[in-house]
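S.K.: test case, fold it:
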Amino acid sequence: MLELHGISDPGEEIIKKAIERNIKVVPVPGACAVTTALVASGLKTSEFCFLGFLPVNALEKKKKLEGNKYETKTLIFYEAPHKLRKTLESMQEVFGNREIVLARELTKIHEEFIRGSIVDILKQINNPKGEYVIILDGAKQNKNDIEIEERNSLSISEHYKFYEKQGFSKKEIIKQIAKDRGVNKNEIYKHFI
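M.R.: Sure, this is the predicted structure:
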């Protein structure tokens, strides 16, 4: 039995099987909800991450969202109308009040884009209908940059102790502090003489 996955359709596994059997695959261009929603969203389009439908289980959903909390690319999800409110509430809890766009009925007569912060959109969503594409603004900073920023708010002595607790040698610590702070390692070295 084929396990069917793809861009939220069974295509991926079918395509793989066709290629394995030397069957020619010819894509037919057409509307794709992901790209259609993204280009009209007004959010960053240069880089994006499509995550499809989130898990149904609340804990798994939260884990998936947490795993993408510091993603700086625009995030795109699909969601069913009866789950939309809960998903937006989970997103607000994990991501904060980021900018978001909801797109539905794309390329149809009742096409709709709802733009604003998650909090603002939650106030507007009363009786959602149709399948939704959720486009979420990426994080302003990735996790690594945030951690470096936090370390740089420490005094140099505290910064030193941070790396010392991790088992770094004195030479490695000085080199890492200099890298974190964007200065020459000799400048940090002088501090410890």
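S.K.: tell me how far A18 lies from A178.
M.R.: Distance of A18 to A178, given as Cβ to Cβ, to the nearest Å: 54 Å. (Each C-beta comes from the backbone N, C-alpha and C, glycine too.)
S.K.: so between the two, which is more surrounded?
M.R.: For A18 and A178, the more surrounded residue by other Cβ atoms under 10 Å is A178, and the numbers stand at 16 against 13.
S.K.: sticking with the more buried one, tell me its helix or strand.
M.R.: Applying DSSP states H and E as the criterion places A178 in helix 170-181.
S.K.: ok, and what's touching that helix?
M.R.: Outside of helix 170-181, the residues within contact range by Cβ atoms under 8 Å, 6 or more residues apart in numbering are 148, 151-152, 156, 159-160, 163-164, 168, 184-185, 187-189, 192.
S.K.: try it again with 10 Å
M.R.: The contact list for helix 170-181 (Cβ atoms under 10 Å, 6 or more residues apart in numbering) reads 147-149, 151-152, 154, 156, 159-164, 166, 168-169, 183-192.
S.K.: what subset of the residues you listed is buried?
M.R.: Applying 16 or more other Cβ atoms under 10 Å to the contacts of helix 170-181, the neighbour count classes 148, 151, 159-160, 162-163, 168, 188 as buried.
S.K.: mind putting the residues you listed in JSON lines, secondary structure and distance to V133 included?
M.R.: JSON lines is the format used below for the buried ones among the contacts of helix 170-181 (DSSP: H, G, I helix; E, B strand; the rest coil; distance: Cβ to Cβ, whole Å):
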{"residue": "I148", "secondary structure": "helix", "distance to V133": "34"}
{"residue": "R151", "secondary structure": "helix", "distance to V133": "38"}
{"residue": "H159", "secondary structure": "helix", "distance to V133": "43"}
{"residue": "Y160", "secondary structure": "helix", "distance to V133": "48"}
{"residue": "F162", "secondary structure": "helix", "distance to V133": "42"}
{"residue": "Y163", "secondary structure": "helix", "distance to V133": "44"}
{"residue": "F168", "secondary structure": "coil", "distance to V133": "46"}
{"residue": "I188", "secondary structure": "helix", "distance to V133": "48"}
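S.K.: got JSON lines for those, with pLDDT too?
M.R.: Below are the buried ones among the contacts of helix 170-181 laid out as JSON lines (pLDDT from 0 to 100):
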{"residue": "I148", "pLDDT": "72"}
{"residue": "R151", "pLDDT": "72"}
{"residue": "H159", "pLDDT": "77"}
{"residue": "Y160", "pLDDT": "80"}
{"residue": "F162", "pLDDT": "81"}
{"residue": "Y163", "pLDDT": "81"}
{"residue": "F168", "pLDDT": "86"}
{"residue": "I188", "pLDDT": "81"}
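S.K.: how many neighbours does K165 have?
M.R.: K165 has 8 neighbours, counted by other Cβ under 10 Å.
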